[in-house]
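Undergrad: Sequence and predicted structure below; questions after.
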Amino acid sequence: MTRKPIQVTEPFLPPFEEYVDYLKGIWERNWLTNQGPLVKELEEKLRCYHNLSSPVYCVANGTLGLQIALKALGVRGEIVTTPFSYVATTSCPLWEGCKVNFADIESNTLTIDPEAVEAGITPQTEAILATHVFGNPCDVEALDAIAAKHGLAVVYDAAHAFGVTYGGRSLLEYGDASMVSLHATKLMHSVEGGFVFAKDPRILKKMEWMRRFGHKGPKEFFGVAINAKLSEFHAAMGLCTLNHADLILKKRKAICDIYDQLLLGDREEAAFSVDRISDTRYQLCPIIYRATASRNYAYYPVIFESENKLLSAMRQLEGKGIFTRRYFHPALDLVHELTGKRKPCPISKNISKRILCLPLSSSIDQCEIDRICLEIKNIQGI
């Protein structure tokens, strides 16, 4: 019997009838886009889910959300950002004509290192663009303090951070603006989409009209803007998946717990060295999640001893129909051809060569996880 391939992720699909019920309403209203009732309902439910006092605004995708956040904050010059993220984190500011300076990451949390951020600030720096990696919060207090000291804006790429809290508060309440992705690969999705949030109501209002051509009524405009509206069809899927978000989260946590038990054993996080470059005590290491932060189990990354071990594991797993992803590889400071001097980011470069995301979705079962872990143990000789 041929086994079904195990993908690194599979989008959650709600019961078909649930989606059809929303579609019936769309057909009855004949309202397909332009801030329809389903978009507004989704925005309100996302606001409540994240326990925010101000609105969130949906956009067609997270990339547009990041661009709009930068525009709304008036960032035109230089930004300091992380090399360890998805390519959109740097392509967005570069697309907007900004200059990018990279700051290395912390070797345990894999989020941007505040000390490296401050060292990378120049008189031309206008903003910090940081990523909550795999939903793991940045050192938000340190970054906010640096930004206040130097008069900088802070934008968070929170693409992975749906539902995450830090210190009992929504992670979106930190910084000046945040973007959350609702792409199909995320634990809660609208097929394509995302949403933005800002604490300052003036910035929030700017982001709201910037996503819809800048309209101020049918004949007037607030200013120059673009089209980043979410359609009613996408909002319908978002509402369906949001209805199942708690169950999806519960299933993903259970899968990650099994991975932890089978691959890492009973070792405490504190037992792992914070220096992941020189740590050779363990064949597989997890990342360390920041204290007081909740987890949304968006990904299951492990760090191998070496790139050769990782590549060997990938090849053999793929031969067994198990597909993983080198998330994030290569490091972004090695992707984009940037002018000027670049400070080296050795931690990001090293980790990006050795980190691998294992299959994780709400549809995967324990037998498949057992099989994945057995294959990895055999490959690694654990």
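TA: Done, it's in.
Undergrad: for the stretch 1-150 of the chain, what spans make up the helices?
TA: Secondary structure of the stretch 1-150 of the chain by DSSP state H, counting those that start in this stretch: the helices cover 16-29, 37-49, 62-72, 88-95, 114-119, 140-150.
Undergrad: what distance separates the last one from the middle of the whole chain?
TA: In this view, helix 140-150 has its centroid 21 Å away from the chain centroid, taken as Cα atoms, centre = their mean, to the nearest Å.
Undergrad: and the next element down the chain from it?
TA: Following helix 140-150 in sequence order, the next helix or strand is strand 153-157 (DSSP states H and E).
Undergrad: Report the strands that pair with that following strand, each with its relative direction.
TA: strand 125-131 (parallel), strand 177-181 (parallel) (DSSP bridges).
Undergrad: Using CSV, write out every CA atom in stretch 322-338.
TA: Written as CSV, here are the backbone C-alpha positions of stretch 322-338 (Å, rounded to 0.1, in the frame of the first residue of the first chain):
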residue,chain,number,x,y,z
ILE,A,322,8.2,13.2,4.3
PHE,A,323,8.7,16.8,3.3
THR,A,324,10.3,19.5,5.5
ARG,A,325,11.3,23.1,4.9
ARG,A,326,14.5,25.1,5.5
TYR,A,327,12.7,27.9,7.2
PHE,A,328,14.6,30.4,7.0
HIS,A,329,17.3,29.8,4.5
PRO,A,330,19.3,31.5,3.2
ALA,A,331,19.8,34.4,5.6
LEU,A,332,18.3,37.5,4.0
ASP,A,333,21.5,39.5,4.2
LEU,A,334,22.9,37.0,1.7
VAL,A,335,19.8,37.2,-0.6
HIS,A,336,19.5,40.8,-1.5
GLU,A,337,22.3,42.7,-3.2
LEU,A,338,22.6,45.8,-1.1
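Undergrad: Residues contacting that stretch, please?
TA: 5-8, 82-87, 89-91, 94, 99-100, 102, 299, 301, 310, 313-314, 317-318, 342, 345, 348-349, 352-353, 355-359, 371-372, 375 (Cβ atoms under 8 Å, 6 or more residues apart in numbering). From N, CA and C alone the C-beta is placed, and that goes for glycine too.
Undergrad: Settle this for me: Q316 is touching Q380, isn't it.
TA: No. With contact defined as Cβ atoms under 8 Å, Q316 and Q380 do not form a contacting pair (10.2 Å).
Undergrad: any idea which of the helices of the stretch 1-150 of the chain is most buried?
TA: helix 62-72 (a mean of 25; mean count of other Cβ atoms under 10 Å).
Undergrad: Report all helices and strands that that one contacts.
TA: helix 88-95, strand 125-131, strand 153-157, strand 177-181, strand 194-198, helix 201-210 (3 or more Cβ pairs under 8 Å, 6 or more residues apart in numbering; DSSP states H and E).
Undergrad: quick revisit: now, of the strands paired with strand 153-157, which is deepest in the fold?
TA: Across the strands paired with strand 153-157, the average number of neighbours (mean count of other Cβ under 10 Å) peaks for strand 177-181, which reaches a mean of 29.
Undergrad: avg pLDDT for the helix or strand encompassing Q316?
TA: Assigned by DSSP H and E, Q316 belongs to helix 307-319. Here helix 307-319 scores 94 as its mean pLDDT.
Undergrad: Which of the helices and strands packed on helix 62-72 sits closest to L239?
TA: Among these, the nearest to L239 by Cβ to Cβ is strand 194-198 (13.0 Å).
Undergrad: returning to what we had before: generate a PyMOL selection restricted to the buried subset of the contacts of stretch 322-338.
TA: Applied in PyMOL, the following selects the buried portion of these according to 16 or more other Cβ atoms under 10 Å:
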select buried, resi 6+7+8+82+83+84+85+86+89+90+91+99+100+102+299+301+310+313+314+317+345+348+349+352+353+355+356+357+358+359+371+372+375
